[in-house]
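>>> Here is a sequence together with a model predicted from it:
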Amino acid sequence: MLSTCRIVSRLPLRGVLVWNSVVGSSIVRSTCLVDSHDNMRQAQSKSFTGSAGSTAWTADSSGVLSRDGVVELPIATGSEYVRSAKQIVLDAFDDSMERVKVASGGQPLGLGMEHGYDGFVQRAPGRYDMHWGVSGNDVIKSAEPLWEPFVQEVLGEHATLQFHGVLMSVAGAAEQLWHIDGEHLFYDRPDVPASLPPHCINVFVPLVDVDRSNGGTEFCVGSQQLTSGSEDIVWQRSEWMHDIGFKGDVHNITVDAGKVLAFDYRVLHRALAHQGNEPRPVLYWTYTRRWFSDNLNFPPRHLPTVASSRVHMFADIGQEAMDMNTARQHFPAVTRDVSRVFCDGAAGTQVPESVPVAMTTHLLENNANIGGTFETSEAALEQVTRAREAVADLLGLAASSQVVFGNNTTSLLFSLANALTLGPGDNVVVSKACHDANIAPWLHAARRGGASVRWIDTTTGDCDDTSDVLDVAGAPIDENTRVVAFGLASNATGSVHTREARDLAARAQAVGALSVADATQYAAHRRVDFADLGVDVLACSAYKFFGPHVGVMGVHHEALDRMLAPKVGLRSVGDEPVHRGNRSDDGGKTGVVGENGVYDRLPADWPTPESWEICKWEQGTLNYEGLAGVEACVNYLKSIGGGDLNLAFQAIEAHEAALADRFLRGVQELPVIVHGRRTAGRSGTLDRTPTFAISPSQSDVLGGDTLAEHLVARGIYCTHGNHYAPVLVEDALQRPEGVTRISFMHYNTLGEVDRVVSALEEILQAP
């Protein structure tokens, strides 16, 4: 039995491949599942009569190729491969076109290599040769074992893959003229026969059904015997068939999606006009004999990042910046199975691979508590220090001592609220547009002390563009206000409130109130600048910005100095909080001994490595492995900007603005309500993240189901409810039944946005 399926590399997907092998006089088609550990399991097999007879199909097919110059192989990829590969290709094409706009100032891509880029060239009007985002992709390459035995049969066991990519034909692409893809060997030697065996072949796998209507390809069968003698025949020309004296058959090849076509690159061929409505992507691989090398015909200049105004800045910092397509490859969960679209980033983002690696490394190599004088304990202390420094950089803090770690935003703010003493006559001011994590702690604190609760209102109305806009001017802040709490971005609607936050922080400072900002839905999308905001406290959760389940908080120590935190070892002498540390082994590092023999209140510049990183707002032993993950995720974000967080977030913001614009334009004509800001275009996306709260225009259209249920059934991961913003969703948006939330991150693609829009159209317009 000849089996043509083998694994040549580690594959990060679970997909479906189909291969053929010969059993007796029949070809057996078997379906294999390819999992993430390179294991192959035969799921089913069935026999059908083939033309191979008693010889291997590879020998038969190679004979047809030698004779005709083109052959359709009796193999096919599975439908799952076609679907996954098509999505990858369409996403890469959209990304490439965006980058061309950036580089050219909005001008279309010119024709030919001289106007193209490394990995993206327009060979003819509407016909693109693209390696960008495709070449080297593990999903794309996973099909190669299907035809490798055939390639080796034709070119020898040492056949070499020169390059691979996709030929993309868009609707309206004009007909090509006759040409070949490369010259004969010794084409200028009349003594050398033209019928030398193939030295270079192309393998095509269309990702849509290809026929005459969408630009099928015509081949002059056997013409490779006649195309020697001129190097110019690689250039398109209508007269070539006549000039070489070709009298044979011209076949228009019709190939179904996933089928495999191979042809000698010396055979005369042309692509027909694309009269369909959809793009026609065809994957291709170019193989040669080991002693031959083909010219790629791609220029050396690279496609830039889509953050157009930042392109030259990246070069200035001396490190290579990361584009969004490359950034996406750092997320195994996102790339492992492209049938899934993660639209639940507001509930919790996926993590780059470096995060779990860092966490695992800490547990396996440095798992100890701090306070010891041995190696692993000191390594744990160093980890805490590095994590504080990383978060200080991320939040724009002046010093790492301003960083507080905890379980999450909610627990950190409850801890802070529990330390606040309120009484009758005091009031707390909270925002109706905020997540409950920055509302409930203050409601409980007010209830305990008999203080009153006041609200920063929003414009109400489920169809109003300003339904989640804060009324800062009307915020009821006065001399009795002790706390003003608000969010930087809505976790439900995506609206950004930084301007309002600055105004509220200034008003709070004017009356001596504590200003507390929730940045959980902001930190993944925008550059946080603690000093610019002017707040006293800023909290967010790392699992919302590509890290593990760890809460982080930036504080002004002066604003919290006289508050007694609920912490082991912390006591109060009179009105002063003091710390009784473990005197026997702290080396004098956990406090300053006062005249009364107890520790005075903790210095404002703590925590520091010299104080064993002790912070009065951190309860118990920290999650050290989690802090390793936090450091790793901040380092990942820096890498997007070549080591510069400012540049990183400029690139992220530009990409996410394109995602938001694509979504808003896509749903404009659909029977769906986008709650909150929904203006498309650059001006409309400046004040929002790519998080959307949506509802059907007609409440009964889904028969009691939610949009989220229908989307999840189509592989689009999202959630429905009030998303822990009950005041905003149920009161301001007037949706007591909840809303479906679609939240994109920088690892999402324009193609994924299109898929969500298409799914919504299918769901909402179904009879």
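Here it is on my side, so go on.

>>> Just give me how far the helix or strand hosting residue 377 sits from the chain centre.
Residue 377 belongs to helix 375-395 when elements are defined using DSSP states H and E. With Cα atoms, centre = their mean, to the nearest Å as the basis, helix 375-395 stands 27 Å off its chain's centre.

>>> show me where pLDDT drops low in the stretch 451-600 of the chain?
For the stretch 451-600 of the chain, the stretches with pLDDT under 70 are 459-467, 568-600.

>>> Run through the helices of it in chain order.
Using DSSP state H, counting those that start in this stretch, the helices of the stretch 451-600 of the chain run over residues 498-510, 530-533, 557-560.

>>> Can you tell me which of these is nearest to residue 724?
helix 498-510 (19.4 Å; Cβ to Cβ). All C-beta spots, glycine's among them, are computed from the backbone N, C-alpha and C.

>>> buried ones in the closest one?
Buried residues in helix 498-510, counted by 16 or more other Cβ atoms under 10 Å: 498, 500-505, 507-509.

>>> Now that helix - C-alpha only, PDB.
C-alpha atoms of helix 498-510 as PDB (Å, rounded to 0.1, in the frame of the first residue of the first chain):
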ATOM      1  CA  THR A 498     -11.200  59.900  29.500                       C
ATOM      2  CA  ARG A 499     -12.200  63.600  29.000                       C
ATOM      3  CA  GLU A 500     -15.000  63.100  31.600                       C
ATOM      4  CA  ALA A 501     -12.600  61.300  33.900                       C
ATOM      5  CA  ARG A 502     -10.100  64.300  33.900                       C
ATOM      6  CA  ASP A 503     -12.900  66.700  34.700                       C
ATOM      7  CA  LEU A 504     -14.300  64.500  37.500                       C
ATOM      8  CA  ALA A 505     -10.900  64.000  39.000                       C
ATOM      9  CA  ALA A 506     -10.300  67.700  39.000                       C
ATOM     10  CA  ARG A 507     -13.600  68.400  40.700                       C
ATOM     11  CA  ALA A 508     -12.900  65.700  43.300                       C
ATOM     12  CA  GLN A 509      -9.500  67.100  44.100                       C
ATOM     13  CA  ALA A 510     -11.100  70.600  44.500                       C
END
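
>>> With distance to residue 100 as extra columns, can I get the helices of the stretch 451-600 of the chain in TSV?
Shown next, in TSV, are the helices of the stretch 451-600 of the chain (distance: least, Cβ to Cβ, whole Å):
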stretch	distance to residue 100
helix 498-510	32
helix 530-533	35
helix 557-560	50
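
>>> can you pull the contacts of the closest residue to residue 426 other than its chain neighbours?
Nearest residue to residue 426 in three dimensions, chain neighbours excluded: residue 451, at 4.0 Å (Cβ to Cβ, 6 or more residues apart in numbering). Applying Cβ atoms under 8 Å, 6 or more residues apart in numbering, we find residue 451 in contact with 422-428, 445, 482.

>>> Please pick the buried ones from the residues you listed.
Neighbour counting over the contacts of residue 451 (16+ other Cβ under 10 Å) leaves 422, 426-428, 445, 482 as the buried ones.

>>> Looking at the contacts of residue 451, which two lie furthest apart in space?
Taking Cβ to Cβ, the two most distant members of those are 425 and 445; they sit 14.4 Å apart.

>>> who does the closest residue to residue 687 other than its chain neighbours bridge with?
If the residues on either side of it in the chain are set aside, residue 687 comes closest to residue 496, at 5.1 Å by Cβ to Cβ, 6+ apart. Beta-bridge partners recorded for residue 496 (DSSP bridges): residue 489.

>>> Now do the contacts for residue 496.
Residue 496 makes contacts with 488-489, 522, 526, 686-689, as judged by Cβ under 8 Å, 6+ apart.

>>> Checking my notes, residue 60 in a helix, right?
Yes. Under DSSP: H, G, I helix; E, B strand; the rest coil, residue 60 falls within a helix.

>>> what about it, how many neighbours?
Counted by other Cβ atoms under 10 Å, the residues lying close to residue 60 total 18.
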